[in-house]
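Participant: pasting the sequence and the predicted coordinates here, then a few questions.
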Protein chains: 2
Amino acid sequence: MCRSFSSFRCITMSTIKRYASNHAPLDSSKLIIEKTTTPKIKLPNDKLIFGKTFTDHMLEIEWTEDNGWGAPKISPYHALKLDPSTVVFHYAFELFEGLKAYKDPQGNIRTFRPNKNMERMNESAERIALPNFESEELLKLIDKLLIVDKDFVPEGKGYSLYLRPTMIGTTAGLGVGTPDKALLYVIASPVGPYYSSGFRPVSLEATDYAVRAWPGGVGDKKLGANYAPCIVPQLQAAKRGFQQNLWLFGKEGYITEVGTMNVFFVFKDKESGKKELVTAPLDGTILEGVTRDSILQLARDRLNQDEWIISERKFTIYEVEEKAKNGELIEAFGAGTAAVVSPINNIGFKGENINVPVSLESSGELTAQIGEWIRKIQYGEEEYKDWSRIAK
Amino acid sequence: MCRSFSSFRCITMSTIKRYASNHAPLDSSKLIIEKTTTPKIKLPNDKLIFGKTFTDHMLEIEWTEDNGWGAPKISPYHALKLDPSTVVFHYAFELFEGLKAYKDPQGNIRTFRPNKNMERMNESAERIALPNFESEELLKLIDKLLIVDKDFVPEGKGYSLYLRPTMIGTTAGLGVGTPDKALLYVIASPVGPYYSSGFRPVSLEATDYAVRAWPGGVGDKKLGANYAPCIVPQLQAAKRGFQQNLWLFGKEGYITEVGTMNVFFVFKDKESGKKELVTAPLDGTILEGVTRDSILQLARDRLNQDEWIISERKFTIYEVEEKAKNGELIEAFGAGTAAVVSPINNIGFKGENINVPVSLESSGELTAQIGEWIRKIQYGEEEYKDWSRIAK
């Protein structure tokens, strides 16, 4: 055990060996379901607020270094009771995922590429010494939760059930070391469309004084650690009239992400007429967004190759500024689970505004097209590859 | 309220105005004390493990955006009960401090420069949009906790009561925005000396593939976010036979910190015989350690200026390597609350070992001298400036 805060002595052979040990794997067949006896009243669609109300049940699985994954449990939504010395409160042993469940025209409940979330969740866990699990087992358990709480999946275009798989280190004790206990849980919140009517383009402040992520850091993982530090820069942007931060990196002013979304730009070459859809490459500072990946795949698959170039490449705020001046910047949008696509109409940079040609309550042509492509797959109106999973 | 995860819409004028509002300040005179009816059995000194057992009581103060700080409460040590959507679990709205209380020869309980911890705690809070408080009020409350739990402050050289002030965001809900609720709490753990007999020098791996902190980041604040990401690099160093990471920064290989401590090197110029005590400057990537500051002040005050240069400057692993080759590297040590000073005897860098001349169970001359200077002030054997506070 760890005698010291500084953890000079905290790493023992047992914590290293653990990765090779034969502890119990996550096993969905061990699921125990305990149903609520006091069902909640379901809110009408127009009262839904993102992440504020939750379904009747939650899924939980405890893990210990000694025994591995315990029996999964679906039980009534309830508070967590944790010792005040628990490592999640002190050292940010925490990670999460965000995905949505949709009701299709046949009444099935579908999730969109949930295997991608499971892969990323395992990568996040590995990066902060929390345990891994078999992705398909957790997906089966999430399906069970969706079936138990199926009446909470709202109907209607843009409505869905937001799922929040979370993993926290639950070791009680202040030594900074590898957690020997963890809790994986999933809660679910019925949510409405990001834009209730039409699009509402957002205005960004290009931010270089605060830096979201760094090579060798953890900005490509979905860790709690990446979120709290972004709030103050957002408040500061808001004071100056901007809704979000466009995170720049380095002296070169590389564009990385916007707020908590990936970001795409559309350029059109004046001479050739050729268009480019561009987003930053996965260089370790960019969150590996499921929506980002879906957009790239769909664009490569469906856009006319003679008219379009699809690029994952480094590009800078100066390039965007110059393109805008030349009339070659034609669209820009954030991409993430919440909004799918979120049009951008303005970027404040060094006291100047870079305007993106988009009218209010509207979006660029490609932005809207991509949003609709993805929506149709999410709601099961169209099958595409194996991207939509039906809960059974 | 926030409709969306991405928080494009999360920042309202009310969250901005809050900083100027007239909510209730932290007020130690409102303290409520509820004493335990089931006192714990106190462990003998040789059974104390850092941060594993706690005193009978804890201090808690709730904060809300609407009402400010509530009545402080000292009550029996107990678990925290939090909704699974609470922002501390998802977005790392969490920060802490670490300081120790010592019993002096007269039986008083003393803390060492606790005002420095309060200042830093306020700076950490401000960086992640958690509330500020009047430092002296929290110090008065900590003094009360120390008086209530005075029998837990162990006696004996090197023994102390480790205090862990913590602040967490307690808003329930998944929107990424400014927390409108928080909990400040203090728990206390009786601890033994870092080294039970003599010193035990540690071996470091110079780490450049993982980066602890960067300009524009939060590495200078005591946030939970800075800790979990350091564990895997430590495990990897341990696999290669090193006890801790020496965190490098940039292509230049700047030396920043070691593990979770600040780091000092002692060089001796072969020609002039002049010695230099050097540590990295506070450039935003270095934790502003109380021990670090104390060492610099004492060194400037007590070391012979004709023989010593005290430097806060950038220096690189290459400089250390060269100095070692020339026989000019004479000491190196980590500095932090846990060990005060922790001697280093080896640094692995690119497959080579940089040896620091120190025998096992020993430390360099200055390392031991500084450790003893600070210990005497901590235990009230010597008064120095206003560095020691007596709990009343």
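Facilitator: The structure has been received and is ready for your questions.
Participant: I'd like to know how far residue A:310 sits from residue A:278.
Facilitator: Computed as C-beta to C-beta, to the nearest Å, the residue A:310 to residue A:278 distance reads 8 Å. For every residue, glycine as well, the C-beta is placed using N, CA and C.
Participant: between these two, who's got more neighbours?
Facilitator: Taking residue A:310 and residue A:278 together and counting by other C-beta atoms under 10 Å in any protein chain shown, residue A:278 has the greater number of neighbours (22 against 19).
Participant: for the host helix or strand of that one, what is the average pLDDT?
Facilitator: Secondary structure from DSSP states H and E places residue A:278 in strand A:275-279. Averaging pLDDT along strand A:275-279 yields 98.
Participant: repeat for stretch A:214-227
Facilitator: Stretch A:214-227 shows an average pLDDT of 97 in the prediction.
Participant: run the chain-centre distance for it.
Facilitator: 12 Å (C-alpha atoms, centre = their mean, to the nearest Å).
Participant: can you tell me how far residue A:91 is from chain B?
Facilitator: For residue A:91, the distance to chain B equals 4 Å [C-beta to the nearest C-beta, to the nearest Å].
Participant: now do the SS call for the closest residue to chain B within the stretch 101-250 of chain A.
Facilitator: Nearest to chain B, among the residues of the stretch 101-250 of chain A, is residue A:174, at 2.7 Å (C-beta to the nearest C-beta). For residue A:174, the reduced secondary structure class is coil; criterion used: DSSP: H, G, I helix; E, B strand; the rest coil.
Participant: for the closest residue to it other than its chain neighbours, give me its contacts.
Facilitator: If the residues on either side of it in the chain are set aside, residue A:174 comes closest to residue B:51, at 2.7 Å by C-beta to C-beta, 6 or more residues apart in numbering or on different chains. Listed by C-beta atoms under 8 Å, 6 or more residues apart in numbering or on different chains, the contact partners of residue B:51 are A:2, A:5, A:85, A:173-175, B:162, B:164, B:189, B:191.
Participant: most neighbours among those residues, please name it.
Facilitator: Comparing the contacts of residue B:51 on neighbour count, residue A:174 comes out first with 28 neighbours (neighbours: other C-beta under 10 Å).
Participant: check contacts around residue A:207.
Facilitator: Per C-beta under 8 Å, 6+ apart, neighbours of residue A:207: A:233, A:237, A:245-248.
Participant: give me the phi and psi for the residue in the stretch 1-150 of chain A positioned nearest to chain B.
Facilitator: The stretch 1-150 of chain A approaches chain B most closely through residue A:51 (2.7 Å), counting by C-beta to the nearest C-beta. For residue A:51, the backbone dihedrals (degrees, to the nearest 10) come out as phi 70, psi 20.
Participant: the residue most distant from the middle of chain A, which is it?
Facilitator: Among the residues of chain A, the one whose C-alpha is farthest from the average of all C-alpha positions is residue A:271, by C-alpha atoms, centre = their mean at 37.9 Å.
Participant: returning to that earlier point: show me what the strand holding residue A:278 is packed up against.
Facilitator: Using 3 or more C-beta pairs under 8 Å, 6 or more residues apart in numbering or on different chains; DSSP states H and E as the contact test, the elements touching strand A:275-279 are strand A:261-268, helix A:290-302, strand A:308-312.
Participant: closest to residue A:209 out of these?
Facilitator: The stretch from the helices and strands packed on strand A:275-279 with the least distance to residue A:209 (C-beta to C-beta) is strand A:261-268; that distance is 18.7 Å.
Participant: name the helices or strands packed onto the closest one?
Facilitator: Against strand A:261-268 (3+ C-beta pairs under 8 Å, 6+ apart) you get strand A:254-258, strand A:275-279, helix A:290-302, strand A:329-336.
Participant: chain center to that strand: distance?
Facilitator: 18 Å.
Participant: residue A:90 is in contact with residue A:82, correct?
Facilitator: No. The pair residue A:82 and residue A:90 does not pass the contact test of C-beta atoms under 8 Å, sitting 11.3 Å apart.
Participant: the two: which is more packed in?
Facilitator: Neighbours around residue A:82 and residue A:90, counted as other C-beta under 10 Å, are more numerous at residue A:90. The numbers are 26 against 19.
Participant: what residues does the strand or helix carrying that one touch?
Facilitator: In this structure, residue A:90 is located in helix A:87-91 according to DSSP H and E. The set of residues that contact helix A:87-91 without belonging to it, under C-beta under 8 Å, 6+ apart, is A:82, A:93-94, A:168-174, A:176, A:179, B:80, B:88-89, B:94, B:96, B:164, B:166, B:168, B:224, B:227-228.
Participant: could you dump the helix or strand hosting residue A:234 to CSV, C-alpha only?
Facilitator: Residue A:234 is located in helix A:231-239, with elements delineated by DSSP H and E. Output of helix A:231-239 as CSV, limited to C-alpha atoms (Å, rounded to 0.1, in the frame of the first residue of the first chain):
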residue,chain,number,x,y,z
ILE,A,231,-15.4,26.7,-18.8
VAL,A,232,-13.5,29.9,-17.8
PRO,A,233,-12.3,30.5,-21.4
GLN,A,234,-15.8,30.0,-22.5
LEU,A,235,-17.1,32.6,-20.0
GLN,A,236,-14.5,35.0,-21.2
ALA,A,237,-15.5,34.5,-24.8
ALA,A,238,-19.1,35.0,-23.8
LYS,A,239,-18.3,38.3,-22.1
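Participant: adjacent strands (with direction) for whichever helix or strand comes after that helix?
Facilitator: Scanning forward in sequence from helix A:231-239, with DSSP H and E defining helices and strands, the next element found is strand A:244-249. Strand A:244-249 has its sheet partners listed here by DSSP bridges as strand A:202-207 (parallel), strand A:254-258 (antiparallel).
Participant: nearest residue to the residue most central in space within chain A other than its sequence neighbours?
Facilitator: The centre of chain A sits closest to residue A:98, judged by C-alpha atoms, centre = their mean, with a distance of 4.8 Å. With C-beta to C-beta, 6+ apart as the criterion, residue A:98 has its nearest non-adjacent residue at 4.9 Å, and that residue is residue A:337.
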